[in-house]
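> structure of the sequence below:
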Amino acid sequence: MTPSTDIKAIWWAGVNAAQGKASVSTAITTHKITRPDCVISIGKAAASMAAAAHAHFGAVPATIVTKHGHIDDTPSHATVIEAAHPVPDQASLTAGHALIQAVKKCPVGSHLLFLVSGGASALAEVLPDHMSIEDLATKTQALLASGQDIHAMNALRKELSLIKGGKLLAGFKGAKV
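Take a look at the predicted model:
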């Protein structure tokens, strides 16, 4: 092997280890996660993360919110919503309301497996009545153009959102997340 080949092999090993399906599979096994009653998976790796949960636990009711076109590993029994990233769109609002419903459907005393990967903050949103998705998209585009980091963007999203910063789980009747 040449040094270049070694570097590529090491890089790909790291990429594969961090991939959603592999990461969740390792976490489930390492942390001895018990079978949940419901699964919510959100982010650009949501489908592959949910696929790992499905491989371990079978057909648990699942809601997946991911970026348009990122549904290759989606378990067939799951509810899937595709939305825009990095600038939220109307589907992001649909996804936000679907997440609220998924949380409310979890039975009293239940165990929710909540899987989150990069992109989650743009993919699902519920806004206050005085704000439109166009307003949020404009603010997001301005932040992107300003060069500010993701922390600034997420701080704005949390401030404006009715589900971010822990607000989504306010409707959870279960025992464990």
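
> ranges for the helices of this structure?
Listed in chain order, the helices of the chain (DSSP state H) span 3-18, 20-30, 46-57, 90-105, 120-123, 133-146, 150-160.

> and the fifth one, how far out from the chain's middle?
Just to be clear, that refers to helix 120-123. 7 Å (CA atoms, centre = their mean, to the nearest Å).

> what is that helix packed up against?
Contact analysis of helix 120-123 by 3 or more CB pairs under 8 Å, 6 or more residues apart in numbering; DSSP states H and E lists strand 62-67, helix 90-105, helix 150-160 as its packing neighbours. C-beta coordinates here come from the backbone N, C-alpha and C atoms, glycine included.

> what does the pLDDT read for the residue nearest in space to the middle of the chain?
Geometric centre of the chain, nearest residue: residue 42, 1.6 Å, by CA atoms, centre = their mean. According to the prediction, residue 42 has pLDDT 97.

> relative to residue 156, how far out is it?
Separation of residue 42 from residue 156 (CB to CB, to the nearest Å) stands at 19 Å.

> ok, now residue 140?
Residue 140 is 8 Å from residue 156, where distance means CB to CB.

> thinking again about what came up before, using JSON lines, please lay out the helices and strands packed on helix 120-123 together with distance to residue 84 and mean neighbour count.
Converted to JSON lines, the helices and strands packed on helix 120-123 look like this (distance: least, CB to CB, whole Å; neighbours: other CB atoms under 10 Å):
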{"stretch": "strand 62-67", "distance to residue 84": "7", "mean neighbour count": "26"}
{"stretch": "helix 90-105", "distance to residue 84": "6", "mean neighbour count": "18"}
{"stretch": "helix 150-160", "distance to residue 84": "14", "mean neighbour count": "14"}
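
> of those, which is nearest residue 117?
Minimum separation from residue 117 across those (CB to CB) falls at strand 62-67, 8.8 Å.

> residue 169 against residue 116, yeah?
No - contact criterion CB atoms under 8 Å: residue 169 and residue 116 do not qualify, at 11.9 Å.

> let's have the helices of the chain in a markdown table, adding mean pLDDT.
A markdown table is the format used below for the helices of the chain (pLDDT from 0 to 100):
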| stretch | mean pLDDT |
| --- | --- |
| helix 3-18 | 80 |
| helix 20-30 | 92 |
| helix 46-57 | 95 |
| helix 90-105 | 96 |
| helix 120-123 | 90 |
| helix 133-146 | 91 |
| helix 150-160 | 85 |
